[in-house]
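1. need the 3D shape of this:
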Amino acid sequence: MAVTKVSMKLLIHTKTKRVLFAEAGKDCVDFLFNILSLPVATIIRLLQAQGMVGSLPNLYKSLENLNDTYIQPNQSKDTFLKPATSSSLPLLALNDAPIGKNFYRCYSHAYVSDSSTAVCPSCRQSMTTSMTYVAPPAVQGAAVGVGIVKEVVTYMVMDDLVVKPMSTISSITLLNKLNVRDVAALEEKEVNLGMNEALKMLKTSLQSKKVLTDVFC
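-> Sure, this is the predicted structure:
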């Protein structure tokens with residue numbers, strides 16, 4: 001599978017080596033907002049190779065190393081270690097992470113479980129009949145799009161990941177707010193977001209208020 005990449009255009013103050021803001025399209029903003037949907041365990045797994053600090057990695061490793069003898073028979077460690085993740089985050093995809101849940105029912109009774117080893121409380125038979133999830137219909141008259149935000153404007157992404165619709169007026173207002181007087185010191189730089197950049201942004205967002213500067217400058 002080809003590596004998914006999205007891009008954004010940075011406005012950098014060359015004298016202070018600081019990203020003032022980025023100009024981003026729908027794909028980039030969708031990626032940023034989808035980070036909020038990541039389970040904690042998925043974040044830990046993604047950042048293990050990046051040297052994630054703190055105690056959460058120890059908690060993760062403890063459950064990973066715990067013998068199945070100590071786990072309840074109706075529980076699976078993978079439910080917590082490898083939770084289902086959104087298919088909207090291809091930049092941060094884990095090959096062994098499930099994209100959704102599977103559901104199973106009793107062949108004779110209306111009981112449902114997310115485990116094929118569950119036992120029906122009525123007939124005591126294994127619930128192995130696979131079920132197919134059907135999404136609810138879209139709201140009538142509403143335009144259905146992909147992702148989170150609409151592709152109707154360009155978006156401004158601040159250094160601390162504040163995101164808002166972009167306009168000429170908002171850009172000028174921001175430059176005045178940041179007390180930028182020397183326009184010649186400003187430089188545009190287009191950057192691509194691949195797997196490596198996405199991981200760096202994820203890690204930096206947990207540690208810094210200058211995410212774009214720390215990752216790209």
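2. dump the residue contacts of the residue of the chain positioned farthest from its centre.
-> Using Cα atoms, centre = their mean, the residue of the chain lying farthest from its centre is residue 123. It sits 41.4 Å away. Residue 123 makes contacts with 106, 108, 109, as judged by Cβ atoms under 8 Å, 6 or more residues apart in numbering. Heads up, the C-betas are built off the backbone N, CA and C, glycines and all.
3. what's the helix or strand for it?
-> Following DSSP states H and E, there is no helix or strand that holds residue 123.
4. in the chain, which spans are strands?
-> With strands called from DSSP state E, the chain shows them at 6-13, 18-24, 103-105, 112-113, 129-131, 155-158, 163-165, 186-193.
5. among those, which is nearest residue 201?
-> When the strands of the chain are compared by Cβ to Cβ, strand 186-193 sits nearest residue 201, at 7.4 Å.
6. can I get that closest one in PDB? Just the C-alpha atoms.
-> In PDB, the C-alpha atoms belonging to strand 186-193 read as follows (Å, rounded to 0.1, in the frame of the first residue of the first chain):
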ATOM      1  CA  LEU A 186       8.700  35.700   6.700                       C
ATOM      2  CA  GLU A 187       9.200  32.600   4.700                       C
ATOM      3  CA  GLU A 188       6.800  30.000   3.300                       C
ATOM      4  CA  LYS A 189       7.700  26.400   3.500                       C
ATOM      5  CA  GLU A 190       5.500  23.500   2.300                       C
ATOM      6  CA  VAL A 191       5.900  20.300   4.200                       C
ATOM      7  CA  ASN A 192       4.500  16.800   3.700                       C
ATOM      8  CA  LEU A 193       3.000  14.700   6.500                       C
END
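7. could you list the residues in contact with it?
-> Under the contact criterion Cβ under 8 Å, 6+ apart, strand 186-193 has outside partners 5-14, 20, 28, 31, 91, 180, 197, 201, 216.
8. list only buried entries from the residues you listed.
-> 6, 8-13, 20, 28, 31, 91, 180, 197, 201, 216 (16 or more other Cβ atoms under 10 Å).
9. report the two of those residues separated the most.
-> That would be 91 and 180, which, of the buried ones among the contacts of strand 186-193, are the farthest apart (Cβ to Cβ) at 31.0 Å.
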